[in-house]
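Undergrad: The sequence isn't on hand, but the structure is:
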């Protein structure tokens, strides 16, 4: 995209300025000023690529000489109307038209428009002109205040563009939903309640209103955070074809049920693994402790027997515990170690699989609970719903507060009717 810079300045001799000196600086040429009889030349100007004097057809041809033109302009004659702003507009438009003709001639789709964004009707913040010195510092990697400001402006413009795209996407989705509703048997019923995208748009608007007293940076940061959260949630809801509060609540209940079922399956499998580990442990203690117990029983001398028992207390205690366990659970002795280990491996794999499934479902529940919380901010009290972690009871205090608020609203609606009836009786 072409980025021209068109700078017009009024040179005033009263401010010790010289038109000849300015022309010498802009062109990089050596010019002589008839006013102060001095030569004007700026030897350090080395970045000039092209200069040209473009005369209108009626201008004297001698004015094609830069020295003649600007010495003539330096004389105080009846030429002050050149400083009128309207001529600046004409010159800028002329330069844009000329540039656009050449862009068109080379087949470029780009076009110049030197009007401000506001005059073009573009909702965009303009950047600040940096100037040669600032540009050189930025090129060398030195960050400047103007450069940082322009980067913030570009970031803000990019954010606003993203928000506008999101709004267009929401409008398109809403239009698509309305078309689908017309084909459904429950279209009339669904039309009475707003869709989730509409409610989330209200939520974003409400969040913006809550930040009116924040700093510009704080408002921008908050808007970005809300935008990303809502955008991700909308993608999930669209994937699951959830478009109404009723379908959201139904899917939330279904998903919460999956979480509870997965937890029950895990607990059941984990309990079986624990039982198998206990049996395997007692079988091992029984096998390793049996010869120790036999050797202990064969000792006749009391002192020697006590010493042996003290030395093998751990093995003997484990063996006795195994005897007590198998006495209380006689079926446990009939299991083969190989079968128990195979069953344990199978149950461990089930637990691992359920953990992965549970993590996925819990992520879905979190998104659904977040959306339901956002909707509660814009729905009337009677349509709000307190949500909690699967398996836990929702907040009774929150639900009670909503019930009381709904009752106050109903009472407030009755008062104008009662007053109207009283007025009619009078």
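TA: Now that the structure is in, tell me what you want to look at. These numbers come from a predicted model, not from an experiment.
Undergrad: residue ranges of the strands in this protein, please?
TA: With strands called from DSSP state E, the chain shows them at 31-33, 38-40.
Undergrad: how close does residue 296 sit to residue 283?
TA: Per Cβ to Cβ, to the nearest Å, residue 296 is found 20 Å from residue 283. To be clear about C-beta, it is placed using only N, CA and C from the backbone, and glycine gets the same treatment.
Undergrad: picking that back up, same list, the strands of the chain, but as JSON lines with mean neighbour count please.
TA: As requested, those are exported to JSON lines (neighbours: other Cβ atoms under 10 Å):
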{"stretch": "strand 31-33", "mean neighbour count": "18"}
{"stretch": "strand 38-40", "mean neighbour count": "14"}
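Undergrad: would you list these in JSON lines and tack on mean pLDDT?
TA: Below are the strands of the chain laid out as JSON lines (pLDDT from 0 to 100):
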{"stretch": "strand 31-33", "mean pLDDT": "90"}
{"stretch": "strand 38-40", "mean pLDDT": "88"}
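Undergrad: what residue ranges in this structure score low on pLDDT?
TA: Scanning the chain for pLDDT under 70 picks out the ranges 1-6, 76-83, 183, 185-192, 388-426.
Undergrad: hang on, the earlier thing: of all the strands of the chain, which one comes closest to residue 277?
TA: strand 38-40 (97.2 Å; Cβ to Cβ).
Undergrad: Any chance you could list what contacts that closest one?
TA: Here strand 38-40 makes contact (Cβ atoms under 8 Å, 6 or more residues apart in numbering) with 18, 20, 21, 23, 24, 25, 30, 31, 32, 33.
Undergrad: and these, which are buried?
TA: 18, 20, 21, 23, 24, 25, 31, 33 (16 or more other Cβ atoms under 10 Å).
Undergrad: Is the last one in contact with residue 75, as I believe?
TA: Right, residue 33. No - if you go by Cβ atoms under 8 Å, residue 33 and residue 75 don't touch, sitting 11.6 Å apart.
Undergrad: tell me the helices in this protein, going along the chain?
TA: For the chain, applying DSSP state H gives helices covering 19-27, 66-74, 85-105, 117-120, 131-139, 145-183, 187-190, 196-210, 216-239, 245-298, 302-311, 313-328, 337-376, 396-425.
Undergrad: Of these, flag the one that's most buried.
TA: Ranked by mean neighbour count, the helices of the chain are led by helix 19-27 with a mean of 19 (mean count of other Cβ atoms under 10 Å).
Undergrad: Can you tell me what sits against that helix?
TA: 9, 11, 29-35, 40-42, 45, 48, 51, 66-67, 69-71, 73-74.
Undergrad: so how many other residues sit close to residue 211?
TA: Using other Cβ atoms under 10 Å, residue 211 is surrounded by 15 other residues.
Undergrad: In space, what's closest to it - neighbours in sequence excluded?
TA: residue 219 (4.7 Å; Cβ to Cβ, 6 or more residues apart in numbering).
Undergrad: so how far is residue 208 from that neighbour?
TA: From residue 219 to residue 208 the distance is 8 Å (Cβ to Cβ).
Undergrad: repeat for residue 248
TA: Where residue 208 is concerned, residue 248 sits at a distance of 23 Å (Cβ to Cβ).
Undergrad: Residue 56 too?
TA: 53 Å.
Undergrad: now do residue 97
TA: 42 Å.
Undergrad: still on that earlier bit, would CSV of the strands of the chain with distance to residue 261 be doable?
TA: Shown next, in CSV, are the strands of the chain (distance: least, Cβ to Cβ, whole Å):
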stretch, distance to residue 261
strand 31-33, 90
strand 38-40, 89
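Undergrad: Residue 213 is in contact with the residue nearest to residue 211, correct?
TA: No - counting by Cβ under 8 Å, residue 219 stays clear of residue 213, with 9.4 Å between them.
Undergrad: Ends of stretch 45-63, what's the gap?
TA: 24 Å (Cα to Cα, to the nearest Å).
Undergrad: can you give me how far that stretch is from the chain middle?
TA: 52 Å (Cα atoms, centre = their mean, to the nearest Å).
Undergrad: Give me the residues contacting that stretch.
TA: 25, 26, 27, 28, 29, 64, 66, 68, 69, 72.
Undergrad: Pull up the gap between the residue nearest to the fifth one when sequence neighbours are not counted and residue 28, please.
TA: So the one you mean is residue 29. If the residues on either side of it in the chain are set aside, residue 29 comes closest to residue 66, at 6.2 Å by Cβ to Cβ, 6+ apart. Distance of residue 66 to residue 28, computed by Cβ to Cβ: 11 Å.
Undergrad: If anything else comes up later, I'll come back, but that's it for now.
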